[in-house]
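Chemist: Coordinates for the following, if possible.
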Amino acid sequence: MSVNKVTLLGRLGKDPEIRRMQNGNEVANLSVATSERWKDKRDGEMKEKTEWHNVVVFNEHTIKFIDKNLAKGDQVYLEGKIQTRKWQDQSGADRYSTEIVVPQFAQSDAFQKIWERDGNGGGGNRDNDDRGNDRDGGGRSSSRDDRGRDDRGRDDRGSSSRNRDDDRGGRNDDRGGSRGGNSSRSSAPARGNDNMDDDIPF
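Modeler: Prediction:
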């Protein structure tokens, strides 16, 4: 049993080159750089080494994607196999090139572009604004309801005072104030529940 599989995560050193072969099929050639960094034990300085990989892509759909979306500096992820190709230079001497080949019938996820995030977070801000508008609207509605209940309470107290003596009217005022206090307390939990939305991660 043997395995010939390569996985690369690197950046393009130049724009992709796409050409058509003699059989009519297209091929894409990429130059992908991978880097490793380490700290030198002798002087404590950071060192970096870059390897350049010649990548050849034969998959038709992948080539179309490369042509439309990739350029120098883009980061890519790819899976392929190592292949050594023999060819002759202008003098007739044999030359050998080692390449990473993405085969024609590769899986759809064998070649991907790593899309950079813009960091703006626009969607999250819009969600927060929407939740804030809901809280403001709910607060205004609750205030209107409280004022409506207070007005009704004052009307009730006014009619009671006309039919009863001052002492009974005073007690009704106390009960009316109690009802107003209960109304203000009943609206508080709704605002508290809305504030919990801010803790939800997006």
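Chemist: measure Gln75 to Gln104 for me?
Modeler: To Gln104, Gln75 is 24 Å away according to C-beta to C-beta, to the nearest Å. Glycine gets a C-beta too; all of them are placed from N, C-alpha and C.
Chemist: I meant Thr62, not that one.
Modeler: Using C-beta to C-beta, Thr62 is found at 9 Å from Gln104.
Chemist: quick one: which of those two has more around it?
Modeler: Set side by side, Thr62 and Gln104 show more neighbours around Thr62, with 20 against 13, by other C-beta atoms under 10 Å.
Chemist: residue contacts, that one?
Modeler: Applying C-beta atoms under 8 Å, 6 or more residues apart in numbering to Thr62 gives the contacts Ala28, Val102, Ala106, Ala110, Phe111.
Chemist: so which one among those residues has the lowest pLDDT?
Modeler: pLDDT across the contacts of Thr62 is lowest for Ala106, at 65.
Chemist: Using the record's assignment, carve this structure into domains.
Modeler: For the chain, automatic domain parsing gives the domain ranges 6-37+47-113, 122-199.
Chemist: Start from the N-terminal end of this protein and give the strands.
Modeler: 6-12, 17-20, 26-39, 46-57, 75-88, 94-102, 111-113 (DSSP state E).
Chemist: Residues touching the shortest one, excluding its own?
Modeler: Among residues not part of strand 111-113, those counted as contacts by C-beta under 8 Å, 6+ apart are 57, 59, 62, 65-66, 69-70, 74-79, 102.
Chemist: confidence score at Lys5?
Modeler: In this model, Lys5 carries a pLDDT of 92.
Chemist: Need the pLDDT of the nearest residue to it once chain neighbours are set aside.
Modeler: The shortest distance from Lys5 to any non-neighbouring residue, by C-beta to C-beta, 6 or more residues apart in numbering, is to Lys81 (6.1 Å). Note on Lys81: pLDDT of 94.
Chemist: How about Gly13?
Modeler: pLDDT at Gly13 comes out at 96.
Chemist: Would you agree it is in contact with Asn29?
Modeler: No - shown here, Gly13 and Asn29 do not form a contact pair, counting by C-beta atoms under 8 Å, at 11.6 Å.
Chemist: Could you tell me the per-residue confidence at Met21?
Modeler: At Met21, the model reports a pLDDT of 91.
Chemist: ok, now which ones touch it?
Modeler: By C-beta under 8 Å, 6+ apart, Met21 lies in contact with Val27.
Chemist: Met46 too?
Modeler: So Met46 contacts Arg37, Trp38, Lys39, Asp40 (C-beta under 8 Å, 6+ apart).
Chemist: Closest one of these to Trp87?
Modeler: Nearest to Trp87 out of the contacts of Met46 is Arg37 (C-beta to C-beta; 34.4 Å).
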